[in-house]
Structure formats: structure tokens, C-alpha cells
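Generate coordinates for the sequence data below:
(2 chains, ligands or ions: 2)
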Amino acid sequence: MSYETVRVWSWLLRVYHWALVVSITALAITGWYVNAPWTGTTLEGVASMPVLAMRNVHFAAGYLFTGALLIRIYLFLFGNRFEKLGDLLPVTGRNLRNLFSTALYYLYLSPTKEERMGHNVLAGMSYLLTMLVAVFQLISGFFLLYPESSFWQGLGGAIFSSQQQGRFVHHILMWYFLFFALIHVYLVIWNEIKAPEGLISSIFSGRKFKENEN
Amino acid sequence: MGLVAVTSVFSDAYGEECFTREVVMADSDKGNILDLNLDRRGFIKGCTAVATALGVSDALIPRMVEAASSAQRPPVIWLHFQECTGCTESLLRSSHPDIGRLILEIISLDYHETVMAGSGYQAEKSLHDTLEKYAGQFLCVVEGAIPTKDNGIYCQIAGRTAVDILAEVAPKAAAVIAIGSCSSFGGIQAAAPNPTGAVGVRDLVSGTPVINIPGCPPNPVSFMGTVLHYLTFKRLPPTDNLGRPLFAYGRRNHDQCERRAHFDEGRFAEEFGDHGHLNGYCLYKVGCKGPGTFANCPTARFNDVGVWPVSVGHGCIGCTEPEFWDTMTPFYERLPDVKLPGGLVSDVDGAGKTVLGLTAAAVGLHAAVGAVKRMAQCKCSGNDSEEEV
Ligand code: SF4
Ligand code: SF4
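Numbers count the residues shown, from 1 in each chain, chains lettered A, B, ... in the order given. Ligands and ions are numbered 1, 2, ... in the order given. Predicted coordinates for the structure are as follows:
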């Protein structure tokens, strides 16, 4: 059997992916800490400022997360044909067929699925949902970070009404990202084992393997 | 009914003895003279305290004093709806009388159910006289939430519902000041399940400017600052998107708190009465809501003795925020609980761990099914299994 390589993911998409991985990991750890600091000290006069430091890492990671999100939105609109929104939205007959065939395949009800070099539509939709959640995570984050900015207070206030509600939503959405990461990593490994396309290496190299027809 | 009338109300309502005591406590220059009128020193002191809270230049104090002592004091109609009168109490009964008296000095309280002398027909007449005579000029202060359910029958005065009274008075007022969290956001009456459909003034009044002075009760200085600002500059002070004046609600308690250094340093009271608590460490871990609460408590402080809850060892409970009974409780936890289907209540992290655990179990099951299928396939189809998979 012979394979050809196809360039699927642009360098920008790969940068986005890894920026998201790094930022979400940092955000979850530091965010958890800021919510319930697990270090407690009674030392005085040392000025090591652990809570301040954790918050600063959280904010820096928040900006990285924002950058990643903006890249993805750009790619949804102007990326290559595998990255664009049109390739994932289940509105065309082609995409709907892909959605169902993928779902059956994942449920072990069908031995094959419709081949697709970019995201399958099920994955694409889950990424779209994640980006939507990310937008809310970002707004609630900046709402909490800039209590004296009328822009963020106006926007965040309109959505969450109070800072406490914003914080509550921000905390719940963190759990969404943990949940997403678990499923995402599992399905990537599962696909890597089941299919020869080289899904894991593709997010490093940008290339996937495609079986030749003959 | 002007100030003089109010004076007589006070001696009528509380008796002279009680009043004498107040004057002595006030350490007035005049000693024991029975006089509700604020002396000039007290007057200027009060104005200065309010100017400080407003954050205006001291060059403006003479202008404020002038505005406050002008002969034309704006008439005020004070409406009480679903409330506990705590806001009035805290306003008029401050231990140091300057602020409380200043209020009576600079406004003409034409209708106030707690302190006015008239009752019944007389009271209603006074209300309607003011409405007619000063239409478009008087200030309307609202204390308490307004119940809207079942045609508003859960709060009625003189046979009329609060909704009706507000609808009559508010459009004629120059401005409405909602004092306290109840009239600002509904307060405890509006807490879930909000049985009477209680809402704040801003949900009902449009067309007349409304300013919110939330707090349970609010600091008298915030109220006075708003009134004096209005008298001096002829307009309400700038507000945030919740209608709260920025001079008092522009910063979070957490960002002005004297324990903030302990927070940044990670020194916390883990529970009440422990080493950290006794040493004045940050109250974050025992549920302090300062990080989500816009107020001036750490700077304006209370009771004229320079305290606020955190300074005496109790966290802020976030009383100036909308829906504070629903979102700031449990008071000694960081975040509200989540309500799960089936009436279950859990803390966020407990629920999150359960969901994540169930997902991990589902993932494990999915992987196991895959592995079993694959083994079965290998056995049945022998050599071509690789192609199949
Ligand atoms: S006591 Fe409350 S307001 Fe003060 S620093 Fe700690 S959390 Fe913030
Ligand atoms: S410290 Fe918090 S709970 Fe107390 S009055 Fe101020 S805002 Fe309200």
C-alpha cells in the first residue's frame, strides 16, 4: 500500500493549537490556585508574593489564550480549505453525511467513515463549540481583570450582571476545558491507532498521509 | 413641611430626653443646648466629610456649603416599600450626628413615613401638595423593593399598591434616588424564588433619572454625597452601568482593602479563630466577597468609628451587588453552589469532579469496547484483519 502526504495544517494553525495547549494548562493550574490557594503561610516580611505571582501568570496566559482565539477566528474565515468554517459546519449535504458517518464510526457501528483530510465534522463542531465557550471565558476573564474599565464592565455587566456571577461562570467554564481536553486527547489517540493518517504527527508537521486509490 | 416641622417631629416622636442624650454624645460646642439645628462647625464638618467621599477638590467645599445652605432646599418625598427601614435608621441615627443632621438640614423632607408627624389624611395631603407644587423639582427617594406579582398586592399603603404609588410619584420627580439594595436591585425580597415578584426601581421607572445607592444598608456618606453633588452641580453624579455613583462604587473593596498585602502574600485565615484570623490575615478563604464587590467600605468606613467588616475580622458579604442573596451565598464559601437536575445542590468543584469522573469512565468503556471488538475481529478474519481495522 502506498501513501502520499498532504499538507493540511498551516503553520498558523499549529501555532494556534500549541498556544492553546500551553495557555489552557497554565490557566487551569493558576486559576485553580487563585480560586483556592493551596499554599498558606504565616511567614511575614519575606515578600515572596505567591498569590500575586500566580495571578500574573494567569493574566499572561490569558493574553496568550486570547491571541490563540483570535488566530483561530481568523483561520475560520481566511484559512486554507481544511481550516475554514465551511469545511466544518453541518449545513451542506456533504458535511451532514460526514457527521453521521463519523458518529457511527465512533460508536463502533460502522467499520469505516467517510475520509476527510481536515477535521471530520463532529470534531469540527466540537472545536467550534469550544471557541464559543472560549469567547465567554475570555469576556468573563477580562471583566474580572479590569474592574475599572467601562468597556469591560459594560460588556461583562450586560452578560453576567455582577462580578460574582462572572466569576461563577468563569469557574464553571474552566471545567468545560478540562472535560474537552480529556475527550480530545482520548479521541486523538484512538484515531491514531485506528487510521493510518498520522493524526498526532500532523499537528507538529502539518502533513497527513493519504492512502493512494489504486 | 420644612425643617422646623421636622425638628418638632423629632422631639415629638422620640421625646426630649432621648434627644438631649444625643446632643451630649455629639460633643457639641454648645454643650447641652437642646437644638437640632446643626451648628456651623458641624455643618462644615459634615460637608467636608462628604466632599472627601466624593473625591472633589477642597476648593469646592465652600461651593458645596453654599449650595447646601441655600434657602431653597429641594423638597424630598421618601417612599417606603418592601423594606426594614434599616436604611433610614442607619442614615438618621449615625452615632456622630453631623451626617444625619446634615440631611435634615439641607433637604426638606416633605413625606417620610418613619419620621413625619402627620399621619393618615394629613400625610397623604402633604404628599399630594408636594407632587403638585413642586412637580419636576422634588427628589424622590425610594427605600425598599416593589412587588409586581398579582397586581402588586403584596405591598400597599393607604390602599394603593407600591407599583401605583411609584408610577404616580416618579414621573413627576426631578430624579429618583434608590437607597439600599432592595430599591436598587430587589434585595432579599427578590431572592429566589422571589415569591412577590419584587424588583428594583430601575426595572419600573424610565424617563426620570434613577441613581442607585445599594448596600444593606448603604453608607450614609454615599447617599449624602449624591444629594450634595446634585445640589451643588444640579445633576446626578456619574454612574457605572448598574446606576451606582462612581465616587462610591467605582472600585472593588478588594482593591482598597487593608488586608490586600496578606492576600498577595498568601497569608490567609483558614478558619475563624485560627492563627491567621487572630493575626489579621486575609479573609478570602473564609468567603470574603470583597473581590467581587464595588463599594467604598474600606475608605468611607462605618459608624464614624472607622471600621468596616473586614477591619473587625469578618469578610465582606457583597451587599452592594445585584442578586447578592443568591450569588454571594453561602457567605463563607468562595462561590455559589450549582443547582443540578433533580433538585440536587452541589459546590462547583464537586459537580465538576463528578462530571469529569463520569467522562473518564465513559472513555474507558469506549476504549474497552474497541479493544474487545478488535480482538474478536482478529480471531474471526485471521490474516486480513489489518486491512479491516
Ligand atoms: S479580606 Fe477580602 S477584600 Fe480584603 S484582601 Fe482579603 S479577600 Fe480581599
Ligand atoms: S463590606 Fe461588603 S457586605 Fe459590608 S457593607 Fe460593604 S459591601 Fe456590604
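
gap between the helix or strand hosting residue B:374 and the chain center?
Per DSSP states H and E, residue B:374 falls inside helix B:348-381. Centroid separation for helix B:348-381 versus its chain: 51 Å, with C-alpha atoms, centre = their mean, to the nearest Å.

other SSEs contacting that helix?
The helices and strands touching helix B:348-381, judged by 3 or more C-beta pairs under 8 Å, 6 or more residues apart in numbering or on different chains; DSSP states H and E, are helix A:163-194, strand B:338-340, helix B:385-388. Glycine gets a C-beta too; all of them are placed from N, C-alpha and C.

Skipping adjacent residues, who's closest to the residue of chain A found nearest ligand 2 in space?
Relative to ligand 2, the nearest point of chain A is residue A:164 (11.6 Å; C-beta to the nearest ligand atom). In space, and not counting its chain neighbours, residue A:164 is closest to residue B:292: 4.0 Å by C-beta to C-beta, 6 or more residues apart in numbering or on different chains.

Could you do residue B:118 as well?
residue B:126 (5.7 Å).

In a helix, the one you found, correct?
Yes: under DSSP: H, G, I helix; E, B strand; the rest coil, residue B:126 sits within a helix.

so what's it up against?
Under the criterion of C-beta atoms under 8 Å, 6 or more residues apart in numbering or on different chains, the neighbours of residue B:126 are B:1, B:110-111, B:116, B:118.

For it, give its distance to ligand 2.
Separation of residue B:126 from ligand 2 (C-beta to the nearest ligand atom, to the nearest Å): 33 Å.

Quick check: that residue vs residue B:171, distance?
To residue B:171, residue B:126 is 19 Å away according to C-beta to C-beta, to the nearest Å.

same question, residue A:163
Distance, residue A:163 to residue B:171, using C-beta to C-beta: 33 Å.

Who has more neighbours out of the two?
Taking other C-beta atoms under 10 Å in any protein chain shown, residue A:163 and residue B:171 do not tie; residue A:163 has more neighbours (26 against 15).

measure that one to residue B:254 for me?
10 Å.

Could you do residue B:88 as well?
Taken as C-beta to C-beta, the span from residue B:88 to residue B:254 is 29 Å.

pLDDT at residue B:92, what is it?
We have a pLDDT of 77 for residue B:92.

swap that for residue B:138, please
The score at residue B:138 is 90. That number is its pLDDT.

Same question for residue B:121.
Predicted confidence (pLDDT) for residue B:121: 83.

Can I take it that it is in a helix?
Yes: under three-state DSSP, residue B:121 falls within a helix.

Tally up the residues packed near it, please.
By other C-beta under 10 Å, neighbour count at residue B:121 equals 9.

What of residue B:164?
Neighbour count of residue B:164, defined by other C-beta under 10 Å: 14.

That one contacts residue B:155, correct?
No: assessed by C-beta atoms under 8 Å, residue B:164 is found out of contact with residue B:155, at 10.3 Å.

List the buried residues for the helix or strand harbouring residue B:326?
Following DSSP H and E, one finds residue B:326 within helix B:324-327. Within helix B:324-327, the residues scored as buried using 16 or more other C-beta atoms under 10 Å in any protein chain shown are B:324-325, B:327.

Check stretch A:149-162 too.
A:152-153, A:156-157, A:160-162.

Would you format the residues you listed as TSV with pLDDT and distance to residue B:64 included?
Below are those laid out as TSV (pLDDT from 0 to 100; distance: C-beta to C-beta, whole Å):
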residue	pLDDT	distance to residue B:64
A:152	94	33
A:153	93	28
A:156	94	34
A:157	93	31
A:160	94	37
A:161	91	34
A:162	93	32
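
near ligand 2 too, which of those?
The subset of these within reach of ligand 2, by C-beta under 6 Å from any ligand atom, is empty.

Burial check on the residue in the stretch 201-350 of chain B that ligand 1 sits nearest to, number of neighbours?
Proximity of the stretch 201-350 of chain B to ligand 1 (C-beta to the nearest ligand atom) peaks at residue B:290, 2.3 Å away. Neighbourhood size, residue B:290 [other C-beta under 10 Å]: 27.
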